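S.K.: Can you look at this prediction? I've put the sequence above it.
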Amino acid sequence: KVNNGESNNESLVTIGPCPEFELTNQQNLKVTNATFKGKVYVIEFFFTSCPTICPKMNQSMLQLQEAFYGNPNFGLVSITIDPEHDTATVLKEHAALLGVKHYNWHFLTGDKKYIYNLANKGFNLYAGENNKAAGGFEHSGLFALVDKEGKIRCRKDAQGNPILYYDGLDTKGVDAIKEDIKKLLEE
C-alpha cells in the first residue's frame, strides 16, 4: 500500500508559529491569535465576490464545520483579501448565506495592505489583485492548519516532504485535513 501521508502513527510536522494577526470579524469584534488559544483551527484566504475557487473552498470549510460541529476546541478562519468590499456587514451576510452555524467560525476583514502582508509574507500563501483574473483577485486555494499551541502543522507527502498546506479544492485534501484535525484535537 502506498503511503500518502496517511499512516496514523506518523506525527504531524511543525512548520513554525502561525503569523500573528489582529483583524475584525463579521460581528465587528476584534479577533487575534489569542482568540484561538487552546484550539485547533483552519485558515483560508478568500473574498465574497469570488466567482471561481472560493465557493468550492467555502464548501470544504462547511464540511469541516459539519465534521467538528459542537467541538469547542475547534475553529475556522476565513480572511478576505478584498476588505474594501468585504466589510463586517458583508461578511456577516455572506456567512448567513453559506449556512455558517459554528460560533467559532470567524470571517475576518481589516486593512488591505496588512492582510496581503499576512498572506504573502506571514503564511507564504499567495494573494494579489489582478484585473485579468475573474473577480479581480488571485489567491491560493490552500488551507493552513494550526494546532492548540498556535503552530502551523501538516502531514508529509509520499516522498516524506511536509505538504505545508492542504488543498481546499480537493476532496483528498479535505479528507486529509479532517484526519489531521482529529489528531491535533487529541494532543
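M.R.: Structure received.

S.K.: all strands in this protein, in order from the N-terminus.
M.R.: Listed in chain order, the strands of the chain (DSSP state E) span 13-17, 22-24, 30-32, 40-46, 74-80, 105-108, 127-129, 137-139, 142-146, 151-154, 166-167.

S.K.: my guess is Glu22 meets Thr32, correct?
M.R.: Yes - in terms of C-beta atoms under 8 Å, Glu22 counts as a neighbour of Thr32; the distance is 4.6 Å. Yep, even glycine has a C-beta here, placed from its N, CA and C like the rest.

S.K.: In contact with the residue nearest the centre of the chain, which residues?
M.R.: By C-alpha atoms, centre = their mean, the chain has its centre lying nearest to Ile43, at 1.8 Å. Contact analysis of Ile43 by C-beta atoms under 8 Å, 6 or more residues apart in numbering lists Cys18, Val77, Ser78, Ile79, Phe123, Phe143, Ala144, Val146.

S.K.: quick one: low-confidence parts of the chain?
M.R.: Within the chain, the segments meeting pLDDT under 70 span 1-10.

S.K.: where do the helices sit along it?
M.R.: Secondary structure of the chain, counting by DSSP state H: helices at 54-67, 88-98, 112-117, 171-186.

S.K.: now, of those helices, which is deepest in the fold?
M.R.: helix 54-67 (a mean of 18; mean count of other C-beta atoms under 10 Å).

S.K.: and that helix, how far from the chain's centre?
M.R.: 10 Å (C-alpha atoms, centre = their mean, to the nearest Å).

S.K.: just stretch 34-50 next, same as before
M.R.: For stretch 34-50, the distance to the chain centre is 5 Å (C-alpha atoms, centre = their mean).

S.K.: Begin at 86, not 1, for the rest of this chat.
M.R.: Okay, using 86 as the starting number, the last item reads as stretch 119-135.

S.K.: Of all the residues in it, which ones are buried?
M.R.: 120-121, 124-133, 135 (16 or more other C-beta atoms under 10 Å).
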